[in-house]
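Peer 1: Quick check, what structure comes out for this input:
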Amino acid sequence: MKLQVAPAPHIHNEQDVSLILYQVLLALLPATLFGILRFGVPALVVVFTSVATCVGLEACVNRLRREPLTILDGSAALTGLLLALVLPPVLPIWMIILSAFVAIVVTKHAFGGLGYNLFNPALTGRLFLTVAFPALLTSQGSGNGLVPGNVTPVLVNHAQLFFGGLPGNIGETSSLALLIGVFYLFRKGIIDWKIPTSFLGTVFLFSLVAKQDPFFHLMTGGVILGAFFMMTDYVTSPVTKMGRLLYGMLIGVLVMSIRLFSSASEGIVYSIVLMNGFVPVLDQVGIRLHMYLYDVLFPRVNAE
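Peer 2: Modelled structure (predicted):
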């Protein structure tokens with residue numbers, strides 16, 4: 001039997017894509033509200049500008065292409081919110097608009113729109129700012145406690161990391177707020193356990209081997225946000241079971257390698273966007289690995 005791997009999204013239940021996107025938006029509300037309460041009006045401005053710009057650009061592209069409006073399906077709003085949550089709480093409005101343009105126009109619609117983009121739009125918009133304006137982003141407090149070379153701060157305790165007592169990007173500081181949303185997504189069956197589990201497990205083990213505090217690495221730098229809300233994106237993640245496990249593990253290795261051995265202070269954005277490009281390969285490897293394991297476990301059945 002010939003197996004075929006087709007592009008995402010793959011939805012085979014009673015929920016449509018729009019409903020799922022709105023449920024993810026709902027799951028992000030605790031982290032969003034905490035970020036706004038934590039950082040005040042500047043964070044609210046970033047969130048509003050990012051979401052409004054993404055939705056507005058989506059409508060403009062629809063109009064230029066003379067196609068039906070897609071602003072009500074939730075995809076543009078979700079991209080805008082995710083982008084805002086990985087941005088510093090204080091940022092010039094023109095930079096927010098520029099990153100939203102990269103996310104919606106360049107990353108999403110240049111590839112054909114929802115379901116066809118190779119890279120995560122929100123993270124690509126954020127990555128553009130990181131590459132183009134690194135000094136400005138660093139000066140605004142991006143990074144959530146991480147420093148180049150990643151020497152773990154001695155005075156940081158786990159309670160601060162869990163409840164959100166450190167500076168950082170808007171949606172990355174409170175692990176508790178994010179985990180509330182994660183619980184909701186699992187209850188609704190929106191996300192699968194394989195990618196986040198393999199990623200978080202890799203980060204944990206890598207930290208132990210490197211003699212670092214694993215809980216520090218798990219609760220800083222957008223690891224939880226990335227694991228459950230970015231890597232699990234239907235469009236830019238593998239569809240095979242083995243591919244998902246490999247995807248999570250490889251991102252974990254990349255994140256920890258960047259944190260420990262590079263001059264960059266954070267690696268979650270780089271790692272996810274880079275591995276987005278290898279998703280088709282990972283799916284093919286996943287199929288072959290699955291078939292190989294099946295042959296090993298059930299040799300008599302296969303022989304017959």
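Peer 1: Which helix or which strand is home to the residue lying closest to K194 once chain neighbours are set aside?
Peer 2: Distances taken as C-beta to C-beta, 6 or more residues apart in numbering place R244 nearest to K194, at 4.1 Å, with adjacent residues excluded. Any C-beta I mention is one placed from the backbone N, CA and C, and that applies to glycine too. R244 belongs to helix 241-261 when elements are defined using DSSP states H and E.
Peer 1: for that helix, what is the average pLDDT?
Peer 2: The average pLDDT within helix 241-261 is 94.
Peer 1: Stretch 41-52 now?
Peer 2: 97.
Peer 1: quick one: low-confidence ranges for the stretch 1-150 of the chain?
Peer 2: Applying pLDDT under 70 to the stretch 1-150 of the chain flags the ranges 1-15, 138-150.
Peer 1: quick one: the helices in it?
Peer 2: Counting by DSSP state H, counting those that start in this stretch, one finds helices in the stretch 1-150 of the chain at the ranges 17-39, 41-65, 75-85, 93-101, 121-132, 134-139.
Peer 1: quick revisit: show me what the helix holding R244 is packed up against.
Peer 2: Judged by 3 or more C-beta pairs under 8 Å, 6 or more residues apart in numbering; DSSP states H and E, helix 241-261 is in contact with helix 194-209, helix 268-276, helix 279-297.
Peer 1: Could I get the contacting residues of I258?
Peer 2: Each residue near I258 by C-beta atoms under 8 Å, 6 or more residues apart in numbering is listed here: 264, 266-267, 270-271.
Peer 1: Looking at those residues, which is nearest K188?
Peer 2: For the contacts of I258, the minimum distance to K188 (C-beta to C-beta) is 26.8 Å, reached by S271.
Peer 1: With adjacent residues omitted, what lies nearest to the closest one?
Peer 2: L254 (3.8 Å).
Peer 1: Make sure that neighbour is actually in contact with N276.
Peer 2: No. Look at L254 against N276 with C-beta atoms under 8 Å: they stay out of range, at 11.9 Å.
Peer 1: Could you check which of those two has the larger neighbour count?
Peer 2: N276 (23 against 18; other C-beta atoms under 10 Å).
Peer 1: hang on, isn't the more buried one packed against P121?
Peer 2: No. With contacts counted by C-beta under 8 Å, N276 stays clear of P121, the gap being 10.4 Å.
Peer 1: For L176, see how far away the residue most central in space within the chain is.
Peer 2: The residue lying closest to the centre of the chain (C-alpha atoms, centre = their mean) is M230, at 1.9 Å. Separation of M230 from L176 (C-beta to C-beta, to the nearest Å) stands at 19 Å.
Peer 1: what's the answer for I170, then?
Peer 2: Distance from I170 to L176, by C-beta to C-beta: 15 Å.
Peer 1: Also L37?
Peer 2: Taking C-beta to C-beta, one finds L37 at 13 Å from L176.
Peer 1: For Q284, which of the helices of the stretch 1-150 of the chain is the nearest?
Peer 2: Nearest of those (C-beta to C-beta): helix 121-132, 23.4 Å.
Peer 1: which residues are contacting that closest one?
Peer 2: Under C-beta under 8 Å, 6+ apart, the answer for helix 121-132 is 79-80, 82-83, 86-87, 95, 98-104, 106-108, 137, 230, 269-270, 272-273.
Peer 1: Next: stretch 179-197.
Peer 2: Outside of stretch 179-197, the residues within contact range by C-beta under 8 Å, 6+ apart are 13, 20, 23-24, 26-31, 224, 227-229, 231-232, 237-238, 241, 244-245, 247-248.
Peer 1: Name only those of those that count as buried.
Peer 2: 20, 23-24, 27-28, 30-31, 224, 227-229, 231-232, 237-238, 244-245, 247-248 (16 or more other C-beta atoms under 10 Å).
Peer 1: Neighbours of V253, how many?
Peer 2: V253 - counted by other C-beta under 10 Å - has 16 other residues nearby.
Peer 1: That one reaches T202, doesn't it?
Peer 2: Yes. Contact criterion C-beta under 8 Å: V253 and T202 qualify, at 6.0 Å.
Peer 1: Just say which of the helices and strands packed on helix 241-261 is most tucked in.
Peer 2: Mean neighbours per residue, mean count of other C-beta atoms under 10 Å, is largest over the helices and strands packed on helix 241-261 for helix 268-276, with a mean of 23.
Peer 1: name the helices or strands packed onto that helix?
Peer 2: Packing contacts for helix 268-276, counted by 3+ C-beta pairs under 8 Å, 6+ apart, involve helix 121-132, helix 241-261.
Peer 1: now it: how far from the chain's centre is it?
Peer 2: How far helix 268-276 lies from its chain's middle: 9 Å, per C-alpha atoms, centre = their mean, to the nearest Å.
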